[in-house]
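Novice: Next one to model:
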Amino acid sequence: MIGSIGAVRGTGRGILLCVVVLVTLLIAPASFAQGNRIITLGEEVVEGRLEKPEAFYILQPTNLNYEQAELEESFIPELLRTVEEAPF
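Specialist: Take a look at the predicted model:
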C-alpha cells in the first residue's frame, strides 16, 4: 500500500512537470514573435588616445671577430672517387 502511494505521488509530479514544460513552450514563441526592433543611433564621435605597450630590452654586444677556419686537407679527390664508383 505504501508503494502505491509513492507511485501516485510520482505520477502527479510527472504530470505537473509536463504541464510546466508545455506552458513554457507555449509562452516562449509569443515573446520571440514581437519582431526585431531596430535601434538607430545618431553620429557619435569617440576621441581618445591609443596607448601601445612599450617594452625596452638591451642586448649585450657580442664579439663577432671569428677567424676563418683553415683547410687542413682537400676533400675534393675523395668526392671524385665516390662519384666514379657504382651506382654512378
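
Novice: For the most centrally placed residue in the chain, which residues are in contact?
Specialist: Nearest to the geometric centre of the chain sits Pro53, at 23.3 Å (CA atoms, centre = their mean). Applying CB atoms under 8 Å, 6 or more residues apart in numbering to Pro53 gives no contacts. In this view, the C-beta of every residue, glycine as well, is placed from N, C-alpha and C.

Novice: Tell me the confidence at it?
Specialist: Listed pLDDT for Pro53 reads 78.

Novice: do the same with Glu67
Specialist: For Glu67, pLDDT reads 79.

Novice: try Gly6
Specialist: On pLDDT, Gly6 comes in at 50.

Novice: So which helix or strand of the protein has the lowest pLDDT on average?
Specialist: helix 2-32 (a mean of 70; mean pLDDT, DSSP states H and E).

Novice: what does the average pLDDT come to for whichever helix or strand comes after that helix?
Specialist: As assigned by DSSP states H and E, the chain's next helix or strand after helix 2-32 is helix 76-84. On average, the pLDDT along helix 76-84 is 87.

Novice: Please report the distance of Leu71 from Leu17.
Specialist: Counting by CB to CB, to the nearest Å, the gap from Leu71 to Leu17 is 90 Å.

Novice: Pull up the gap between Gly48 and Leu71, please.
Specialist: 64 Å.

Novice: ok, now Glu47?
Specialist: Relative to Leu71, Glu47 is positioned 68 Å away (CB to CB).

Novice: Have a look at those two and say which one is more surrounded.
Specialist: Leu71 (7 against 4; other CB atoms under 10 Å).

Novice: so what's the backbone phi/psi at that one?
Specialist: Leu71 adopts backbone torsions of phi -80, psi 120, taken as degrees, to the nearest 10.

Novice: per-residue confidence at it?
Specialist: According to the prediction, Leu71 has pLDDT 73.

Novice: Run a quick neighbour tally on Arg37.
Specialist: Residues lying near Arg37 (other CB under 10 Å) number 5.

Novice: Repeat that for the one 4 residues further on.
Specialist: Counted with other CB under 10 Å, residues neighbouring Leu41 total 5.

Novice: Many thanks, I have nothing further to ask.
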